[in-house]
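S.K.: sharing a sequence plus its predicted fold:
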Amino acid sequence: QQQVKQSPQSLIVQKGGISIINCAYENTAFDYFPWYQQFPGKGPALLIAIRPDVSEKKEGRFTISFNKSAKQFSLHIMDSQPGDSATYFCAASIGSHGSSNTGKLIFGQGTTLQVKP
Amino acid sequence: ETGVTQSPTHLIKTRGQQVTLRCSSQSGHNTVSWYQQALGQGPQFIFQYYREEENGRGNFPPRFSGLQFPNYSSELNVNALELDDSALYLCASSLEGYEQYFGPGTRLTVT
């Protein structure tokens, strides 16, 4: 019940195209859903995050779509660029501060994105 | 504003040895979480420190221990190293646990 399942494992997109990565979760107590971008040899960088009280959040070319009833959320990268080539991780956590679960991020397995020029 | 820093960058240890990894949190952050990332996998939560107290632990044995100092920097200690401990160790700092910002990680190799 603590798992976050991510798909696809890898993705190849042409420059200018839309990259879509999907995640599903089981634990309805999760209330914070971030996406991270990781380049080889680097730590994950926080891209964008959403809470379950909204269905969509957009920041620049990155959009999170959230479906609470289906327990799914996805990352859309518009106008994908070669510089977006990286591994993307979705994650989920329970944010009730003071509990032992605070900030414990459960990560998906990752999606390796390649954007072809 | 200084980001999260970790030291050392790389480390090679022998099975059975002990290791200490260090993390300096981002300015203004009071919470540090540690993660282990095996090659090709997502990070796995080890534990979190909030105001110098352990505040949650993942499925890691007691030989993984930590500390947080009054300036909110943190240490991860691993005793009796095993080959499977070879991984990228990441620390992430946050204010009250929500938006977590990761450091560059320490690559630990156990031979």
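M.R.: Here it is on my side, so go on. Numbering: from 1, shown residues only, chains lettered A, B, ... in the order given.
S.K.: residue ranges in the chain under the pLDDT threshold?
M.R.: Going with chain A. A:1, A:95-102 (pLDDT under 70).
S.K.: not quite, go with chain B.
M.R.: Across chain B (using pLDDT under 70), the flagged ranges come out as B:1, B:97.
S.K.: wouldn't B:Trp34 be in contact with B:Gln68 here?
M.R.: No: the criterion here is C-beta atoms under 8 Å, and B:Trp34 misses it with B:Gln68 at 10.3 Å. The C-beta positions use only the backbone N, C-alpha and C, and glycine is treated the same way.
S.K.: what about the most centrally placed residue in chain B, which helix or strand?
M.R.: Compute the mean C-alpha point of chain B, and by C-alpha atoms, centre = their mean the closest residue is B:Trp34, 3.5 Å away. According to DSSP states H and E, B:Trp34 maps onto strand B:31-37.
S.K.: okay, now the sheet partners of that strand, with direction.
M.R.: strand B:44-50 (antiparallel), strand B:87-94 (antiparallel) (DSSP bridges).
S.K.: need the winner for burial among those.
M.R.: Highest mean neighbour count among the strands paired with strand B:31-37 (mean count of other C-beta atoms under 10 Å in any protein chain shown): strand B:87-94, with a mean of 25.
S.K.: tell me which residues are up against that strand.
M.R.: With contact meaning C-beta atoms under 8 Å, 6 or more residues apart in numbering or on different chains, strand B:87-94 is reached by A:43-44, A:103, A:105, B:4, B:6, B:21, B:23, B:25-26, B:29, B:31-39, B:43, B:72, B:74, B:76, B:100-103, B:105-108.
S.K.: filter these down to the ones in helices?
M.R.: When DSSP state H defines the helices, the subset of the contacts of strand B:87-94 inside them is empty.
S.K.: for the closest residue to the residue nearest to the centre of chain B other than its chain neighbours, give me its contacts.
M.R.: Excluding the flanking residues, the one nearest B:Trp34 by C-beta to C-beta, 6 or more residues apart in numbering or on different chains is B:Ile46, at 4.3 Å. By C-beta under 8 Å, 6+ apart, the contact set of B:Ile46 is B:33-36, B:57-58, B:60, B:64, B:66, B:76.
S.K.: please report the distance of B:Ile46 from B:Gly105.
M.R.: The gap separating B:Ile46 from B:Gly105 is 13 Å, by C-beta to C-beta, to the nearest Å.
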